[in-house]
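Peer 1: generate a structure from the sequence data that follows.
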Amino acid sequence: MEHVPQLLVFLVTKMEAYSNTFIKAAPILEYLNLMLTPGFWQLISCFLACSIIMIFRLNAVEKNGFEGTFVGTLVMPYFSGFPNLCFAYLLARSSSNGTMVLENCLVNNVTNLTIVLAIPVIFWGLNLYTNKEKVNDETKISLLSLLLTLIAVIFFSAVTWVLAKDGVITFSDGMTLIGIFLFWQVFHLFDVLKNNIRKKIQVKKRVIIDLFIIAFCAWGVFSSIDNLIVWVSNNGQGMFSKENLGILSGLLMVVPNAFLAVYYSAVKRPDIALSSQIGDCHICIPLCIGVFALFSPITIPNSFEPAILTIIAAALGHFFFMAFFGRLPRLIGPVLIGFYAVFIYKGVIS
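Peer 2: This is a model prediction of the structure:
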């Protein structure tokens, strides 16, 4: 029994030492808690990281059986436009106002066709005719494919505009939009298969591994967007308030597209840089709008018509330069930036 007081003193001393150590480590624990808690910046980082990894693996897909413009028009839009599709589905699931989905899609498409393409145009130029003396058949095919995708942007936007004339996009309108999108994708799928047969190209089995990686990243994108919507709804203030969720999400989801456009322009692949941005517009209009309309009718705001006409005008401008010159001149870059600045300044989406 005589050793009990000494044992108690020893235990108290150790407890004080552990307590002091814990107090000193508290800032580190708070930092770790901040890093592991799904807050705003953590979710943004997760979204961007998963999106960039998806883009790199899509580059590998091109080398393993898909190529050139076909990657930009058939494969990449599904993944660069995947965040927009997630946003439409998540808002539809929560029965939110369809105006946010319209804002997201319209801001995304205008940004893709203006400032996202303006940056690579200014620094590298987007010229399919790199050799003016001799234009090979592959370049001609790529140009025709680009022109066709631009026509599709104009067609899809015009159909959406017509369906919205009665002031609402209904379930049947949504089915129509999804139907024409699926027909367009089936057309491109058969085009790829014909091209592979003609060139005796086989899709390599390693593509399956890349698709698994892409699928995992897609889950990360979906999860981060879901939690970002919750965060903004519960904690957003001022510019980051829930009322601006459509515009903010549209701008955020353009970041991976901008990275994609810059990357392929820098490695001298203007065909993919252009077709990926144009193809991404197909995901927003008509697919995202159509998906939301299946869950809930979309009431059309007054700002919808000028926004959709802006997209049609931008697509027509790109069609003109590509059809007659085979490129987007560098001088058009500042014009596109100015066009986008006016779009934002006047608040086409309100």
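Peer 1: residues contacting residue 170?
Peer 2: Residue 170 sits next to 293, 297 when contact means C-beta atoms under 8 Å, 6 or more residues apart in numbering. C-beta coordinates here come from the backbone N, C-alpha and C atoms, glycine included.
Peer 1: for the remainder of this discussion, apply numbering that starts at 429.
Peer 2: Shifting the count to begin at 429 puts that one at residue 598.
Peer 1: mind pulling up the pLDDT for it?
Peer 2: The score at residue 598 is 93. That number is its pLDDT.
Peer 1: and what of residue 645?
Peer 2: pLDDT recorded at residue 645 is 80.
Peer 1: show me what contacts it?
Peer 2: 478-479, 481-482, 485.
Peer 1: can you give me the strands for the stretch 529-678 of the chain?
Peer 2: Assigned by DSSP state E, counting those that start in this stretch, the stretch 529-678 of the chain shows strands spanning 554-555, 596-597.
Peer 1: so which of those is nearest residue 513?
Peer 2: strand 596-597 (16.4 Å; C-beta to C-beta).
Peer 1: tell me the helices and strands packed up against the closest one.
Peer 2: When contacts are defined as 3 or more C-beta pairs under 8 Å, 6 or more residues apart in numbering; DSSP states H and E, strand 596-597 sits against strand 726-727.
Peer 1: thinking again about what came up before, so can I have JSON lines of the strands of the stretch 529-678 of the chain showing distance to residue 691 and mean neighbour count?
Peer 2: Putting the strands of the stretch 529-678 of the chain into JSON lines (distance: least, C-beta to C-beta, whole Å; neighbours: other C-beta atoms under 10 Å) gives the following:
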{"stretch": "strand 554-555", "distance to residue 691": "13", "mean neighbour count": "21"}
{"stretch": "strand 596-597", "distance to residue 691": "35", "mean neighbour count": "20"}
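Peer 1: which of the ones you listed sits closest to residue 751?
Peer 2: Closest to residue 751 of the strands of the stretch 529-678 of the chain is strand 554-555 (C-beta to C-beta; 14.0 Å).
Peer 1: run through the neighbouring helices and strands of the closest one.
Peer 2: Short answer (3+ C-beta pairs under 8 Å, 6+ apart): strand 554-555 packs on helix 698-710, strand 755-756.
Peer 1: these: lowest mean pLDDT?
Peer 2: The minimum mean pLDDT among the helices and strands packed on strand 554-555 belongs to helix 698-710 (a mean of 83).
Peer 1: surely residue 680 is in contact with residue 475?
Peer 2: Yes. Judged on C-beta atoms under 8 Å, residue 680 makes contact with residue 475 at a distance of 7.2 Å.
Peer 1: any common contacting residues for the two?
Peer 2: Contact criterion C-beta under 8 Å, 6+ apart; residues shared by residue 680 and residue 475: residue 511.
Peer 1: can you list the strands of the stretch 529-678 of the chain in a markdown table and add distance to residue 723?
Peer 2: Formatted as a markdown table, the strands of the stretch 529-678 of the chain follow (distance: least, C-beta to C-beta, whole Å):
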| stretch | distance to residue 723 |
| --- | --- |
| strand 554-555 | 38 |
| strand 596-597 | 12 |
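Peer 1: for residue 659, find the nearest of the ones you listed.
Peer 2: strand 596-597 (28.2 Å).
Peer 1: ok, residue 668 touching residue 659?
Peer 2: No. In this structure, residue 668 is not within contact of residue 659 by C-beta under 8 Å, at 9.1 Å.
Peer 1: hey, what's in contact with both of these two?
Peer 2: residue 468.
Peer 1: those two: who's more crowded?
Peer 2: Ranked by neighbour count (other C-beta atoms under 10 Å), residue 668 and residue 659 place residue 659 first, with 17 against 13.
Peer 1: before we move on, the earlier item: tell me the most buried of the helices and strands packed on strand 554-555?
Peer 2: Mean neighbour count, computed with mean count of other C-beta atoms under 10 Å, is highest for helix 698-710 among the helices and strands packed on strand 554-555, reaching a mean of 28.
Peer 1: list the contacts of residue 517.
Peer 2: 719-720.
Peer 1: you'd agree it is in a helix?
Peer 2: Yes. Counting by DSSP: H, G, I helix; E, B strand; the rest coil, residue 517 is found in a helix.
Peer 1: show the pLDDT at it.
Peer 2: Listed pLDDT for residue 517 reads 79.
Peer 1: hang on, the earlier thing: so which of the strands of the stretch 529-678 of the chain comes closest to residue 741?
Peer 2: Closest of those to residue 741 is strand 554-555, at 18.9 Å (criterion: C-beta to C-beta).
Peer 1: would TSV of the helices and strands packed on strand 554-555 with distance to residue 537 be doable?
Peer 2: What follows is the helices and strands packed on strand 554-555, written out as TSV (distance: least, C-beta to C-beta, whole Å):
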stretch	distance to residue 537
helix 698-710	5
strand 755-756	17
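Peer 1: one step back: of the strands of the stretch 529-678 of the chain, which approaches residue 516 most closely?
Peer 2: strand 596-597 (12.1 Å).
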